[in-house]
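Undergrad: requesting a structural model of the entry that follows:
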Amino acid sequence: MTKKNSEALKVICQNKKARHEYELGDRYEAGLALTGTEVKSLRLGKANLTDAYVRIINGEAYLVNAHISPYPWAYFDNHDPLRRRKLLLNRQELKRLYGRVQEQGQSLIPLRLYFKNGLAKAELALAKGKKTHDKRHALKEADAKREMARVLRERHK
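TA: Model (predicted):
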């Protein structure tokens with residue numbers, strides 16, 4: 001069995017709002033340092049990335065404002081749903097990301113959480129915020145593509 005076949009991805013949640021709010025650039029994969037109850041909640045699919053972002057503090061990356069619901073069957077020692085979670089990146093990636101975020105005014109946004117070979121991972125993207133007129137333009141383009149696809153489907157029937 002090749003390595004590509006053995007890499008099973010199980011997507012937990014996606015940040016659909018990010019594609020609308022930001023122009024996405026380079027993407028990175030980071031591991032997550034989690035507690036036991038957080039992992040169990042993620043396996044149940046109880047996570048939300050809508051308002052989440054990444055902050056680099058003292059040379060370490062943290063996932064901020066990501067909501068992972070408390071594990072319902074935890075008797076004691078359940079986690080705080082909105083706590084900061086450490087992201088596991090190598091030093092060169094952290095330096096590169098820190099420079100891009102500080103100098104170029106970009107944001108680091110989580111796009112999705114998933115399990116890869118049993119380990120919790122986050123897909124991050126460097127992003128620039130869109131202006132209101134850019135969002136309207138993107139919506140018009142999406143509508144035009146949908147309309148063209150509909151016409152082509154009807155034509156081929």
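
Undergrad: now do the same contact list for the residue nearest to the spatial centre of the chain.
TA: The chain has residue 111 as the residue nearest its centroid, 2.2 Å off, counting by Cα atoms, centre = their mean. Residue 111 makes contact with 14, 15, 18, 24, 27, 49, 123, 124, 125, according to Cβ atoms under 8 Å, 6 or more residues apart in numbering. From N, CA and C alone the C-beta is placed, and that goes for glycine too.

Undergrad: how about the strands in the protein?
TA: 9-14, 22-32, 47-48, 53-57, 60-64, 67-68, 85-88, 107-116, 119-129 (DSSP state E).

Undergrad: show me what counts as buried in the last one.
TA: By neighbour count on 16 or more other Cβ atoms under 10 Å, the buried set for strand 119-129 is 120, 121, 122, 123, 124, 125, 126, 127.

Undergrad: any chance of those residues in a markdown table, plus distance to residue 89 and pLDDT?
TA: Putting those into a markdown table (distance: Cβ to Cβ, whole Å; pLDDT from 0 to 100) gives the following:
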| residue | distance to residue 89 | pLDDT |
| --- | --- | --- |
| 120 | 14 | 87 |
| 121 | 11 | 89 |
| 122 | 10 | 89 |
| 123 | 12 | 90 |
| 124 | 9 | 89 |
| 125 | 14 | 88 |
| 126 | 13 | 86 |
| 127 | 17 | 82 |
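
Undergrad: redo these as JSON lines? Include distance to residue 149.
TA: Listed next are the buried residues of strand 119-129 as JSON lines, based on distance: Cβ to Cβ, whole Å:
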{"residue": "120", "distance to residue 149": "36"}
{"residue": "121", "distance to residue 149": "33"}
{"residue": "122", "distance to residue 149": "32"}
{"residue": "123", "distance to residue 149": "27"}
{"residue": "124", "distance to residue 149": "31"}
{"residue": "125", "distance to residue 149": "26"}
{"residue": "126", "distance to residue 149": "30"}
{"residue": "127", "distance to residue 149": "27"}
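
Undergrad: tell me which of these is nearest to residue 55?
TA: Proximity of those to residue 55 (Cβ to Cβ) peaks at residue 124, which lies at 11.8 Å.
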